[in-house]
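> here's my sequence, what's the structure:
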Amino acid sequence: MNLKLYLLSRITAVALLCLLATVAYVLHGSAEQSATLAQNTLAALGKQLEFQLFKVSAGEKPTSPFPDFDLWKQTGSEPGICASYLANDGETMRNYCKGIDLSTHYYPQHFAKLYRRLFGPNFDWQRPITYNGQIYGVLTVSVSAEMSIAHAWEDVRHLLALYTITIAAVCLLVYLAVSRALRPAQTIVQGLNRLSQGDLGYRLPKFGLLEWRQTATAINQLADNQQQLLTERQKLVVMLMNLQEEERRYLARELHDELGQCLTAIHAVAAGIAQTAQQSCPELITEAEQISRFTQTMQQSVRDLLTRLRPAELEELGLDASLRSLLARWNSLSKTRYKLHIAGDCKKLPEPLTISLFRIVQEGISNIAKHASASQADITLTIADTELTLTIQDDGSAIDLPFAIDQGIGLLGMRERVLALNGRLDLSIAQPHGLKIQARLPLAQPETAQ
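I've put the predicted structure just below:
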């Protein structure tokens, strides 16, 4: 859930709980107010009636017979209050009710039912009327249920209106404040996406809030460390590749100068032995010829090994001729048909890039021959002004990515070479099946690769 909506929902839920508690408190207060009104009316009217008894006992003739409610009617009667007096003999009885205009007091019926269920608003309060220790009768004061419900509804209605406005205002202010406070979160997420896509040069700005500023500082520090590690790793990979090429060059030279000369000498000695054996020992001719055949086989193996270690065309004729020679050899050895397409001038490529491209194509063709079961493979090299694109695509058995973990080190080695040269390697499934490898490399290489 969105954080802003989450906070608003929690604030609204808390506000509703507070509203329910406040409504319960207001309803209880309204019931208490009605009871207090009845009690005060009972006390005031009771004192008036007892004072009337005092005047009667003193011999004063009242203008109205006892009990007289006129004074209470004029001074203290409230709408919805009823008073009744019942004498001990059960004969003298006086009732008075001041009604209320229900047309001016509206309340929902469901609210009235709830209020009656909770508080039962039929308040009847009684007290005896005494004088000189003698009880003359009982005074009863009642509060109208309609009046209590109407007053309670008025209080609740005003409270609901106030709470609605307050909750709406608070939610709006919280939404605006949280939206503004969370605005840096979008920038941080976008920055993390850029970092995850390999843009380690991107840095988050400084934010006003301390928490966001600390988060951005930590992410920037992590990106600095990651970029430093990647730079050191690229330098190390380039050094290893250069060392590997130097080692291959050394091995090729040693094989050519030492082993090649030795094999040539053995072949010449075997030819001499065969020539001598024709005159003095004919039975040695067969063994001499076998030695010559073995020597020729070893010489061919050494030539093939020299080609893999350091193809002569790469230094003498360039990348274009080396790749065409490489594909020609594989076409003669494999059922897969390899096609080469080159757009651009290979002569302007620096030596590290030329060697890496040759090794990538070499490894790609080897993987196709070992795993793809393809009938055709296309190698396309496009050289632009600032970058080059190498695509190796086959129609083999690959139908899904990613490959199994135990796929070998071929693709891993290709990726390491591309990353070391500040490039990008992408794998995808060709249509309808087969693997497509695409490497993008900048023509301007770091100093460590020169």
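
> what about the helices in this protein?
3-57, 70-75, 109-119, 145-181, 183-196, 210-254, 260-280, 285-309, 312-316, 319-333, 351-367, 410-420 (DSSP state H).

> for those, which has the smallest mean pLDDT value?
For these, mean pLDDT drops lowest on helix 312-316, to a mean of 69.

> go through the helices of the chain and name the closest to residue 398.
Closest to residue 398 of those is helix 351-367 (CB to CB; 10.4 Å). Just so you know, the C-beta spots here come from the backbone N, C-alpha and C atoms, and that holds for glycine as well.

> so which of the helices of the chain is the most surrounded?
With neighbours taken as mean count of other CB atoms under 10 Å, the helices of the chain reach their highest mean count in helix 351-367, at a mean of 20.

> who touches it?
For helix 351-367, the external contacting residues (CB atoms under 8 Å, 6 or more residues apart in numbering) are 238, 241-242, 245, 308, 311, 314, 318-319, 322-323, 326-327, 330, 338, 346, 349, 377, 379, 381, 388, 390, 392, 408, 410-411, 413-414, 417-418, 421, 437, 439, 441, 443, 445, 449-450.

> report the beta-bridge partners for the nearest residue to residue 415 once chain neighbours are set aside.
Counting by CB to CB, 6 or more residues apart in numbering, residue 415 lies nearest to residue 425, which is 4.8 Å off, once chain neighbours are set aside. For residue 425, the beta-bridge partners are residue 439 (DSSP bridges).

> how long is stretch 136-153 from one end to the other?
By CA to CA, to the nearest Å, the extent of stretch 136-153 from end to end equals 39 Å.

> for stretch 305-322, same thing?
In stretch 305-322, first residue to last residue: 15 Å (CA to CA).

> does residue 395 touch residue 436 like I think?
No: counting by CB atoms under 8 Å, residue 395 does not reach residue 436; the two are 10.2 Å apart.

> neighbour count winner among the two?
A count of neighbours by other CB atoms under 10 Å puts residue 395 above the other of residue 395 and residue 436, at 20 against 16.

> before we move on, the earlier item: redo the helices of the chain as CSV? Include distance to residue 432.
What follows is the helices of the chain, written out as CSV (distance: least, CB to CB, whole Å):
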stretch, distance to residue 432
helix 3-57, 45
helix 70-75, 102
helix 109-119, 68
helix 145-181, 48
helix 183-196, 31
helix 210-254, 35
helix 260-280, 47
helix 285-309, 33
helix 312-316, 35
helix 319-333, 24
helix 351-367, 20
helix 410-420, 21
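
> ok, which of those helices comes nearest residue 134?
The stretch from the helices of the chain with the least distance to residue 134 (CB to CB) is helix 3-57; that distance is 9.1 Å.

> between helix 183-196 and that closest one, find me the angle.
With axes from the mean of the first three to the mean of the last three CA atoms, to 10 degrees applied, the angle from helix 3-57 to helix 183-196 works out at 160 degrees.

> quick one: list the elements packing against helix 3-57.
helix 70-75, strand 81-87, helix 109-119, strand 123-131, strand 134-143, helix 145-181 (3 or more CB pairs under 8 Å, 6 or more residues apart in numbering; DSSP states H and E).

> pLDDT of the fifth one, averaged?
Taken as a whole, strand 134-143 carries a mean pLDDT of 85.

> for that strand, packing partners?
For strand 134-143, the packing partners by 3+ CB pairs under 8 Å, 6+ apart are helix 3-57, strand 81-87, strand 123-131.

> out of the ones you listed, nearest to residue 219?
So among these, helix 3-57 is nearest, using CB to CB, at 18.9 Å.
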